[in-house]
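model this:
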Amino acid sequence: MPERTSNVVTFGKDFAKTIVTAWKTNPAAALIVGAKIRLSQDPAFAPTPLSDPADLETQECDFSGYTAGGYTPVLSAPLNLSTTQVGLDTEALAVAAAATPFVDNQCYGWWIDDGTNLIAGEAFGDAGPVAFASPGDFLALTIFLPLALALTVA
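Predicted coordinates:
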């Protein structure tokens, strides 16, 4: 089934530092600006906190119907993802389009960047790649961006 929901998200180091810094300030603007959800056709895709979006971009998907630079995420309001996690969610729908010649890909994961910094990313891992082998093949992607909190009652 060509649906994936994030499971083990890796956050970029610079984005994590931005979040921690924001805890001690009152930011005047959004922390995620100009973000794009992008898909990787690299079988070795394994984002780390130090991944450089420029390096990831060299293996970005290019199947017929995919626009280089990815999709603009629509981030939710803060959500309770569990009893110890709050976060945001967003969705993307990628659909292969008819073209001559048709360009196919295998998609191995996703990442979000702001054009300079990695915000988050995830390889599909054991779920396996998503094939864009013919027009109409699709991926319905749901991404949860969690922030784990250790909640204690004093």
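
separation between the closest residue to Thr72 other than its chain neighbours and Ala140?
Of all residues not flanking Thr72 in the chain, Lys36 sits nearest, at 6.3 Å (Cβ to Cβ, 6 or more residues apart in numbering). Quick note: C-beta positions are derived from backbone N, CA and C, even for glycine. Look at Lys36 and Ala140: by Cβ to Cβ, to the nearest Å, they are 18 Å apart.

So these two - more neighbours on which side?
Lys36 (19 against 15; other Cβ atoms under 10 Å).

for the more buried one, what are its contacts?
69-73, 112-115 (Cβ atoms under 8 Å, 6 or more residues apart in numbering).

rerun that using 7 Å as the cut-off
By Cβ atoms under 7 Å, 6 or more residues apart in numbering, Lys36 lies in contact with 69-72, 112-113.

Now, of these, which are buried?
Buried by 16 or more other Cβ atoms under 10 Å: 70-71, 112-113, out of those.

so the residue nearest the centre of the chain is in which element?
In the chain, the residue lying closest to the centroid (Cα atoms, centre = their mean) is Trp111, at 3.4 Å. In this structure, Trp111 sits in strand 109-113 according to DSSP states H and E.

Figure out how far the following helix or strand past that strand is from the centre of its chain.
Using DSSP H and E, the helix or strand that follows strand 109-113 in sequence is strand 118-123. Chain-centre distance of strand 118-123: 5 Å, with Cα atoms, centre = their mean, to the nearest Å.

strands paired with the strand holding Trp111, and their directions?
Here strand 109-113 has these sheet partners by DSSP bridges: strand 36-40 (antiparallel), strand 118-123 (antiparallel).

gap between the shortest one and the chain center?
Okay, so that is strand 36-40. Averaged C-alpha coordinates place strand 36-40 at 6 Å from its chain's average position (Cα atoms, centre = their mean).

quick revisit: widest-spaced pair of the buried ones among the contacts of Lys36?
The most widely separated members of the buried ones among the contacts of Lys36, counting by Cβ to Cβ, are Tyr71 and Asp113 (12.1 Å).
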